[in-house]
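> Following is a predicted model, sequence given first.
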Amino acid sequence: MGYCDWYTKKYENVATLDFSSERKTMSTVVKGGPNQNWVLLKGAPERVIDRCDGFMKSNGEAEKFKNKDQKEQLLSKIRAEASKGYRVLGMAMAKDGGRMKHLTAHNI
């Protein structure tokens with residue numbers, strides 16, 4: 001709970017788009033800095049990856065997808081883990097806020 005407490009003090013929740021079976025994702029818009037929204041997304045890995053232009057490597061470096069085959073290779077690894085009985089969840093973050101960069105608590 002310590003991390004959760006730190007997070008809720010640091011970032012103001014602007015809006016939440018609840019999980020839907022149609023989208024298979026849930027989004028939370030938080031104020032990540034002065035006049036800057038971040039979008040936090042979680043859900044079905046294939047839906048999350050479809051919306052991403054890159055990924056984070058195990059060493060913490062961000063890298064852009066070079067092509068669709070690279071996305072498919074990642075999905076193949078995810079399917080392999082899921083076939084072992086693991087529950088796999090995709091997570092993504094857009095620091096620029098994407099299409100939700102102009103949302104505020106007053107205009108939603």
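It's in.
> Dump the helix or strand where Asn37 lies to PDB, keeping only the CA atoms.
Taking DSSP states H and E as the definition, Asn37 sits inside strand 36-43. Coordinates of each C-alpha in strand 36-43 appear next as PDB, following Å, rounded to 0.1, in the frame of the first residue of the first chain:
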ATOM      1  CA  GLN A  36       0.200  17.400 -18.800                       C
ATOM      2  CA  ASN A  37      -2.100  14.400 -18.800                       C
ATOM      3  CA  TRP A  38      -0.800  10.800 -18.800                       C
ATOM      4  CA  VAL A  39      -3.000   7.900 -19.900                       C
ATOM      5  CA  LEU A  40      -2.500   4.600 -18.100                       C
ATOM      6  CA  LEU A  41      -4.000   1.700 -19.900                       C
ATOM      7  CA  LYS A  42      -4.400  -2.000 -18.900                       C
ATOM      8  CA  GLY A  43      -6.200  -4.900 -20.400                       C
END
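> That strand - what's its average pLDDT?
Strand 36-43 comes out with an average pLDDT of 89.
> helices or strands next to the next helix or strand along the chain from it in the packing?
Downstream of strand 36-43, the first helix or strand assigned by DSSP H and E is helix 45-50. Judged by 3 or more C-beta pairs under 8 Å, 6 or more residues apart in numbering; DSSP states H and E, helix 45-50 is in contact with helix 68-83, strand 90-94. Just so you know, the C-beta spots here come from the backbone N, C-alpha and C atoms, and that holds for glycine as well.
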